[in-house]
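**Q** need a 3D model of the sequence below.
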Amino acid sequence: MADEATGGRRRAAPAAAAAKPPSRVRMSAAQRREQLIAIGRQIFAERGFDATSIEEVASRAKVSKPVVYEHFGGKEGLYAVVVDREVRALLDRITTALTAGHPRELLEQAALALLTYIEEETSGFRVLVRESPLMSATGNFSSVMNDVGHQVEHILAAEFSGRGYDPKLAELYSQALVGMVALTGRWWLEVRKPRKETVAAHLVNLSWNGLSHLESKPGLITRKRA
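**A** Residues are numbered from 1 along each chain as shown. Alright, predicted model coming up:
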C-alpha cells in the first residue's frame, strides 16, 4: 500500500515553485520620453547644464545611457526640449493672464503671472534663468521676456500716442518695465518674501506711478549743470 510503502506517512506534495516577483511594467516610448524630460528638468534646475551628465539622468530613470541618447541624441538635445517647454509654458501663462482693458491692471496681471510661475514651477524657472552657452537669445528666459516686452510695447504705444508722448519710445519703456519685473522675480525666487501679491503691488506702484508722471522730453540734470 502507498501509506505502508512510505512508512505510514503521506508523501508531501511537490513544493510550489517560488513565486516570481512581478515584472516591472515597461513604459511606452512616449512615457519614457516624458520621464526623461521630467528627470532632466529637475537635474538641470539643481546643477545647471554643465554639471549635469547623461549618466545621472539615466541612473535616476533606471535605464541605460543609450536609452537617453536614443530619445534626445545627447545632453544638448534633452536640454533644448526642457527649455523649449518652459519657455512656452511661461509665455502661455503670461499671455493668458493679460485680459484686462486698463494698462495698470495689465501690469498687475503680468507681474502676478510671472511670480505665480516662479512659485508653482520653481524647477522650470531655475532652468530658464541659468544661462547656457548652447542657447541663443531665442531659446531661454530672455526670449520669453522679449515676447512679453513686445506685448507691453503695443499697450504703451497706444497710451503714449493718446498722451502726447513719442510712441517710438514705447519699445524702450517696455523693455525697462519687463526687465524690472524679471530681475525682481529672480530675486524673489530665493527669498520668497514678502508674499507675491505684495511684490506685484510694489512693482506696479513703482512702474505705474512713474509712468503717470512722465516728462514728455526728459533730460539729464547732470548734463544741465555741466
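**Q** grab the nearest non-local neighbour of the residue nearest in space to the middle of the chain.
**A** Centroid-nearest residue in the chain: Gly124, 3.1 Å away (criterion: CA atoms, centre = their mean). Nearest residue to Gly124, sequence neighbours excluded (CB to CB, 6 or more residues apart in numbering): Glu86, at 4.3 Å. For glycine as for every other residue, the C-beta is placed from the backbone atoms N, C-alpha and C.
**Q** got the contact list for that neighbour?
**A** Going by CB atoms under 8 Å, 6 or more residues apart in numbering, Glu86 touches Arg41, Glu121, Gly124, Phe125, Val127, Leu128.
**Q** go ahead and confirm the second one touches Ala89.
**A** Which is Glu121. Yes: in this structure, Glu121 is within contact of Ala89 by CB atoms under 8 Å, at 6.9 Å.
**Q** and the two? Which one has more around it.
**A** The neighbour count for Glu121 versus Ala89, taken as other CB atoms under 10 Å, is higher for Glu121 (18 against 15).
**Q** in stretch 32-42, what counts as buried?
**A** Arg32, Arg33, Gln35, Leu36, Ile37, Ile39, Gly40, Arg41, Gln42 (16 or more other CB atoms under 10 Å).
**Q** Gln151 is in contact with Thr96, isn't it?
**A** No: counting by CB under 8 Å, Thr96 is not a contact partner of Gln151; they are 11.8 Å apart.
**Q** the two: which has the busier surroundings?
**A** Gln151 (17 against 10).
**Q** quick check: phi and psi on that one?
**A** phi -70, psi -40 (degrees, to the nearest 10).
**Q** that older thread, what's the closest of the buried residues of stretch 32-42 to Val191?
**A** Each of the buried residues of stretch 32-42 was checked against Val191 using CB to CB; the closest is Gln42, at 22.0 Å.
**Q** what about that closest one, which helix or strand?
**A** helix 29-47 (DSSP states H and E).
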